[in-house]
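Chemist: Sequence first, predicted model second:
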Amino acid sequence: QPRALVRRSWDRMLRLGLDPDGANARIVADEAELETRRRKSRLRLVVEEMRSVLLRAPDAAPFILVVTDADGVILWRDGAASARRQADELGFVEGAHWSEAKVGTNAIGTALTEEAPVQLFSAEHFEASQHPWYCSAVPVHDPHDGTLLGVVDISGPAMTLHPAVQSLVTTAVRLAEARLMIAQQEALNTLRDRMSAMLAGTSGPALVVDDAGWVAYQQGVRSRDRIEAPAADRSILIPGAGLCLPEKVTGGWLLRPTGDRRASVTLRMRQDPPVLDIHSGTDPLVVPLTPRRAQILAAVTSAGSAGISASDLSQRLYGDGDHVVTVRAEVSRLRRSVGALLATRPYRWAEGVDARVE
């Protein structure tokens, strides 16, 4: 009988209709897409350190080191020349999509699906072509917010598996996560020092954040440690400052008020599709809404300053309290459009927002 982890994965593969005899097509990103994914990955900051830890003598052990992004795309691959040649024959190359949905049960794809360390040996792989291999994979998470960044994997010929391999990969990942935390703090300190000097002679509210929305410096405003990730074409509501238009600076964003410190929103339910008009002393922003998202905002508006819980919102939208996960996912997607105008825990309009429904 297969292990429970393997059985769960095989069940997923059968539902997907994958072929265990290896007729599943390999999808490989082109060079441009691969480079774009590498630039966007925070793992680029630690890949060399992982190489130094896991591949001190690349040809001394017959295995390869693989680092993927959260989609299972192989960003970097290095290691013993003999193992690399065998991996080439399998399509286990840089740029390859190595998720479960593409190549069946494998340590990388299964670790991404389970968000847990996975070691697979030989015939535990779904594809017969992968049976000559072992794979030990450990997910890497952002140490600040827990976001899944990708997977670190060691793979090699099945008969060369050493009992310490999984522990070695786990240790390397923990070191990488610690290094990512240090790197982010160093970057925030650099951004704070530079921007605080630039803003020293100015008055008025200002907030400086990195590209992910982590706060490096604030002047005349009260903010949490993190706001939504800024984008050049979308205003963000900052308590005490009102709607702010992000301005790109080296290493992050500068946010300053665009006008009135209060914002007003009008939910126009009768339009097709419904829209949300946002005013704050400048030209209004118009956000198109799906009917479901309009219903959510209508419920939030009717709840007033007391707000509405995910359970109560589920009851209102679906007639029961069993859709809390669905509600949270929908609100999360909605906040990508309206940002910090919509507060959470409970769901409500943020301080300084006047809301009405028409």
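Modeler: That came through fine. Numbers count the residues shown, from 1 in each chain.
Chemist: How is the chain divided into domains?
Modeler: Following automatic domain parsing, one finds the domains of the chain at 4-182, 202-257, 263-357.
Chemist: Distance to Arg192 and mean neighbour count added to the ones you listed, as a markdown table?
Modeler: C-beta here means a position set from N, CA and C on the backbone, and glycine is covered the same way. What follows is these, written out as a markdown table (distance: least, CB to CB, whole Å; neighbours: other CB atoms under 10 Å):
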| stretch | distance to Arg192 | mean neighbour count |
| --- | --- | --- |
| domain 4-182 | 16 | 18 |
| domain 202-257 | 4 | 19 |
| domain 263-357 | 21 | 17 |
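Chemist: export the ones you listed to TSV and tack on mean pLDDT and distance to Ser196?
Modeler: Listed next are the domains of the chain as TSV, based on pLDDT from 0 to 100; distance: least, CB to CB, whole Å:
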stretch	mean pLDDT	distance to Ser196
domain 4-182	92	21
domain 202-257	84	5
domain 263-357	86	23
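Chemist: do you know which of those lies nearest Asp193?
Modeler: Taking CB to CB, domain 202-257 is the member of these nearest to Asp193, at 8.7 Å.
Chemist: what's the span of that closest one from first residue to last?
Modeler: The straight-line separation of the ends of domain 202-257 (CA to CA, to the nearest Å) is 13 Å.
Chemist: again with stretch 13-31
Modeler: Using CA to CA, the two ends of stretch 13-31 sit 29 Å apart.
Chemist: Select, out of the domains of the chain, the one closest to Met195.
Modeler: Once these are compared by CB to CB, domain 202-257 is nearest, at 4.4 Å.
Chemist: hang on, the earlier thing: in a markdown table: the domains of the chain, plus distance to Asn189.
Modeler: As requested, these are arranged in a markdown table below (distance: least, CB to CB, whole Å):
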| stretch | distance to Asn189 |
| --- | --- |
| domain 4-182 | 11 |
| domain 202-257 | 8 |
| domain 263-357 | 24 |
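Chemist: Of all these, which one is nearest Leu188?
Modeler: It is, among the domains of the chain and with distance given as CB to CB, domain 202-257, at 4.6 Å.
Chemist: pull the longest helix from the protein.
Modeler: The residue-count maximum for a helix in the chain (DSSP state H) belongs to helix 165-199.
Chemist: Strand partners (parallel or antiparallel) of the helix or strand following that one?
Modeler: Downstream of helix 165-199, the first helix or strand assigned by DSSP states H and E is strand 206-209. Strand pairing for strand 206-209, using DSSP bridges, gives strand 215-219 (antiparallel), strand 252-257 (antiparallel).
Chemist: Output the ones you listed in a markdown table; the columns should cover distance to Arg226.
Modeler: As requested, the strands paired with strand 206-209 are exported to a markdown table (distance: least, CB to CB, whole Å):
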| stretch | distance to Arg226 |
| --- | --- |
| strand 215-219 | 7 |
| strand 252-257 | 12 |
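Chemist: Return the set of residues that bridge with the residue nearest to Arg84 when sequence neighbours are not counted.
Modeler: Counting by CB to CB, 6 or more residues apart in numbering, Ile64 is the residue found nearest to Arg84 once chain neighbours are left out, at 5.9 Å. Counting by DSSP bridges, Ile64 forms beta bridges with Gly79, Ser155.
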